[in-house]
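Engineer: what's the 3D shape of this:
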Amino acid sequence: MNTLGNEIEMVFHNNSISRSECEKFSYLPAPKGTVIFPKIGAAIATNKKRVLTKNSLYDNNVMGLIPTHAIVSEYLYYWLLTFNISTWASESSPPSIKKTTVEKHRILIPPLVIQKQIAAKLSMVQDYKKSLLAQKEKLKELFESTLDKSMKEKEKGS
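Structural biologist: Next up is the predicted model:
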């Protein structure tokens, strides 16, 4: 979840196994579109949520919410951004989130067409935010370059 490029969607991974290994051990990958988040320890407090971009396995430190026919994955992701998963965590040490606790939580789900409209609008805003952050980084680099060049020219001139 912390790898650069995985801020919203899980694009990159550190470990993998083959399909034949999945079959051999009877592993059942979570489907593309599953929204995952940390479920054990201090990582819960990071409140991270990510969307799987392909059928995937994840370790037991992570929990996933699999969208059904009634909810669009992107809508589920954006809804979860409004929710602090720490409220699901036990007060034990280390804290953990239990499946039964999550299953008790109810989400009011608008019709699919509305979910898609909301997700599309939020995706556009997210893309705009990403573009502004990229511009900010370029401006920072331009400022630092100009500052460095200006100070070197001033030193030569004095």
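Engineer: count the neighbours of residue 123 for me.
Structural biologist: Neighbours of residue 123 under the rule other Cβ atoms under 10 Å: 14. Just so you know, the C-beta spots here come from the backbone N, C-alpha and C atoms, and that holds for glycine as well.
Engineer: would you check that it makes contact with residue 74?
Structural biologist: Yes: using Cβ atoms under 8 Å, residue 123 is in contact with residue 74, at 6.6 Å.
Engineer: per the record, what domains does this protein have?
Structural biologist: 1-107, 110-158 (automatic domain parsing).
Engineer: and the most centrally placed residue in the chain, its phi and psi?
Structural biologist: By Cα atoms, centre = their mean, the chain has its centre lying nearest to residue 50, at 2.6 Å. Phi and psi for residue 50, reported as degrees, to the nearest 10, are phi -140, psi 150.
Engineer: I'd like the numbering to begin with 777 instead of 1 from here.
Structural biologist: Okay, using 777 as the starting number, the last item reads as residue 826.
Engineer: ok, for it, nearest residue in space, not its chain neighbours?
Structural biologist: Spatial nearest neighbour of residue 826, chain neighbours left out: residue 786 (4.9 Å); criterion: Cβ to Cβ, 6 or more residues apart in numbering.
Engineer: give me the pLDDT for the one you found.
Structural biologist: Reported pLDDT at residue 786 in the predicted model: 92.
Engineer: could you do residue 783 as well?
Structural biologist: Residue 783 is given a pLDDT of 89.
Engineer: and it, how far from residue 927?
Structural biologist: Residue 783 sits 35 Å away from residue 927, going by Cβ to Cβ, to the nearest Å.
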